[in-house]
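Student: have a look at this prediction, sequence included:
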Amino acid sequence: LRAQSISCRTEFGDAREIHADPDMLRRALVNLVGNAADAMPNGGTLSVSAGPRTDGRYSVVLEDTGIGIPAEGLERIFEPYFTTKAGGSGLGLPTARRLIEEHAGRLEVHSETGRGTDFVVSLPRA
């Protein structure tokens with residue numbers, strides 16, 4: 001991130017136990033961080049927060065100040081092989097979503113062109 005002039009802010013709330021395979025979740029989160037970095041080719045800020053939600057779940061939120069995802073692409077980002085990146089496989093986001101869903105979790109995305117993208121991972125607590 002430093003090599004791309006991306007600053008990272010973190011905010012972590014109370015830790016809660018979840019039943020999960022740490023390697024699988026790490027793979028999903030690393031993919032989301034990589035996508036955020038790709039969306040900020042001229043630098044920016046990546047904010048990562050985690051903590052309990054009011055609905056009894058635990059969430060990890062990744063927010064970038066990147067280029068955002070156009071509406072027509074936003075509808076397709078979880079489709080296998082759909083990509084807007086040169087050299088991209090189109091498998092990163094579908095794989096991240098599958099890994100999160102295998103833990104009874106959800107992956108939501110909110111994006112605004114020119115302002116950035118938020119990915120929200122919510123997982124059931126133990």
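Tutor: Now that the structure is in, tell me what you want to look at.
Student: how about low-confidence regions in the chain?
Tutor: For the chain, no stretch has pLDDT under 70.
Student: mind listing what's buried in the strand or helix carrying Gly51?
Tutor: Using DSSP states H and E, Gly51 sits in strand 44-52. Neighbour-count burial for strand 44-52, counted by 16 or more other CB atoms under 10 Å, picks out Gly44, Thr45, Leu46, Ser47, Val48, Ala50. Using the backbone N, CA and C atoms, a C-beta is placed for each residue, glycine as well.
Student: equivalent analysis for stretch 90-109, please.
Tutor: 90, 92-97, 99-100, 103, 105, 107, 109.
Student: what does stretch 49-68 give?
Tutor: Quick answer for stretch 49-68 (16+ other CB under 10 Å): 50, 57-68.
Student: CA atoms only: put that stretch into PDB for me.
Tutor: Listed next in PDB are the C-alpha coordinates belonging to stretch 49-68 (Å, rounded to 0.1, in the frame of the first residue of the first chain):
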ATOM      1  CA  SER A  49     -13.000  -1.300  10.600                       C
ATOM      2  CA  ALA A  50     -14.400  -4.300  12.500                       C
ATOM      3  CA  GLY A  51     -16.700  -4.900  15.300                       C
ATOM      4  CA  PRO A  52     -20.000  -6.200  16.500                       C
ATOM      5  CA  ARG A  53     -23.200  -5.100  14.800                       C
ATOM      6  CA  THR A  54     -26.600  -4.400  16.400                       C
ATOM      7  CA  ASP A  55     -28.100  -7.400  14.500                       C
ATOM      8  CA  GLY A  56     -25.900  -9.800  16.500                       C
ATOM      9  CA  ARG A  57     -23.400 -10.300  13.700                       C
ATOM     10  CA  TYR A  58     -19.800  -9.200  13.400                       C
ATOM     11  CA  SER A  59     -18.700  -7.100  10.500                       C
ATOM     12  CA  VAL A  60     -15.500  -6.100   8.700                       C
ATOM     13  CA  VAL A  61     -15.800  -3.000   6.600                       C
ATOM     14  CA  LEU A  62     -13.300  -1.900   3.900                       C
ATOM     15  CA  GLU A  63     -13.700   1.500   2.500                       C
ATOM     16  CA  ASP A  64     -11.500   3.000  -0.300                       C
ATOM     17  CA  THR A  65     -11.300   6.400  -1.800                       C
ATOM     18  CA  GLY A  66     -10.800   5.000  -5.300                       C
ATOM     19  CA  ILE A  67     -12.400   5.500  -8.600                       C
ATOM     20  CA  GLY A  68     -15.600   3.600  -7.700                       C
END
